[in-house]
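> Need a 3D model of the sequence below.
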Amino acid sequence: MSELLSDNWATQIEALKERFDREYNHEPFDLPEEAESMPLFREWVSHSLSAKIASPFWELAGFRKDHRCLDIGCGVSFLIYPWRDWSAFFYGQEISSVARDALNSRGSQLNSKLYKGVKLGAAHDLKYDDGIFDRSIATGFSCYFPLDYWRLVLLEAKRVLKPDGVFIFDVIDPASEIAENWAILEMYLGVEVFLTPLQEFNDLIEEVGGKILSTRPGELFQLYKVSFS
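So this is what the prediction gives:
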């Protein structure tokens, strides 16, 4: 699917990679005074914002022992979420080489049975075979791309899932109280945010042959649980 990637999407992917590489490396962001005066910026600096807006994907995933799960755009997920308690095999794909290297150096030390490694690559081009996963997860990054790109992500998630597998992902809710200010903060951090209406995601899911099994609203993001069977 790489040939379908437009120049605009490639630019956005590179900007997103740089933004998160800097955060994972604890490098300072050179922001103007008006950005640092934002209440959300102070929450971001204190790390309280990420805890407030993180989507509890496990509540919809229904993990079972020995499920094979792919976390797309995983960041350092295996190091911060209780994957070991879920007894699910963890596979990942991530655009940040910093996050990928951190997970691959520490993941197997935490649990060599469950941790199956992270591959480097974007969400539209998954480095995995067809039909091998019980669950696929993608949280925290759909908002950085337009719907045309997310269509490719949905099709790739569909491709790598087993026929009875489900895809759990989140999208920003433009009606959220903090959505606009959060988008402005992310712009200062170097990336564009798309405030796409939820109905457009609903229509896209139907268009690619998906069925919405359930949703869950959050502080900023809404979670979706989707099947393709």
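
> what ranges do the helices span in the protein?
For the chain, helices defined by DSSP state H occupy the ranges 7-24, 33-36, 39-45, 48-53, 58-61, 77-80, 83-86, 97-110, 147-160, 179-188, 198-207.

> how about residue 179, what does it touch?
Residue 179 makes contact with 172, 173, 195, 220, according to C-beta atoms under 8 Å, 6 or more residues apart in numbering. Every C-beta, even on glycine, is put in place using the N, C-alpha and C of the backbone.

> Just the local confidence number for it, please.
Note for residue 179: predicted pLDDT of 96.

> For the helices of the chain, give me TSV that also has distance to residue 227.
Compiled in TSV, those are given as follows (distance: least, C-beta to C-beta, whole Å):
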stretch	distance to residue 227
helix 7-24	26
helix 33-36	41
helix 39-45	34
helix 48-53	26
helix 58-61	12
helix 77-80	22
helix 83-86	20
helix 97-110	28
helix 147-160	9
helix 179-188	27
helix 198-207	10
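
> and these, which is most packed in?
Of the helices of the chain, the one with the most neighbours on average (mean count of other C-beta atoms under 10 Å) is helix 147-160, at a mean of 20.

> now what about that helix, what contacts it?
By C-beta under 8 Å, 6+ apart, the residues outside helix 147-160 that reach it are 1, 4, 6, 9, 12, 70, 72, 123-126, 128-133, 136, 138, 142, 145, 167, 169, 196, 200-201, 204-205, 207-210, 226, 228.

> Now it: average pLDDT?
96.

> Pull the distance from that helix to the chain's centre.
13 Å (C-alpha atoms, centre = their mean, to the nearest Å).

> Then stretch 157-174?
Offset of stretch 157-174 from its chain centre (C-alpha atoms, centre = their mean): 11 Å.

> Now that stretch - C-alpha only, PDB.
C-alpha atoms of stretch 157-174 as PDB (Å, rounded to 0.1, in the frame of the first residue of the first chain):
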ATOM      1  CA  ALA A 157      -6.400  -3.500  10.200                       C
ATOM      2  CA  LYS A 158      -9.000  -5.500   8.400                       C
ATOM      3  CA  ARG A 159      -6.300  -7.300   6.400                       C
ATOM      4  CA  VAL A 160      -4.300  -8.500   9.400                       C
ATOM      5  CA  LEU A 161      -7.200  -9.500  11.600                       C
ATOM      6  CA  LYS A 162      -8.700 -13.000  11.800                       C
ATOM      7  CA  PRO A 163     -12.300 -13.200  10.500                       C
ATOM      8  CA  ASP A 164     -13.600 -13.000  14.000                       C
ATOM      9  CA  GLY A 165     -11.100 -10.400  15.100                       C
ATOM     10  CA  VAL A 166     -11.900  -6.800  16.200                       C
ATOM     11  CA  PHE A 167     -10.300  -3.400  15.700                       C
ATOM     12  CA  ILE A 168     -10.300  -1.000  18.700                       C
ATOM     13  CA  PHE A 169      -9.300   2.600  17.900                       C
ATOM     14  CA  ASP A 170     -10.100   6.100  19.000                       C
ATOM     15  CA  VAL A 171     -10.900   9.400  17.200                       C
ATOM     16  CA  ILE A 172     -11.000  12.900  18.600                       C
ATOM     17  CA  ASP A 173     -14.500  14.200  19.400                       C
ATOM     18  CA  PRO A 174     -14.700  17.700  18.000                       C
END
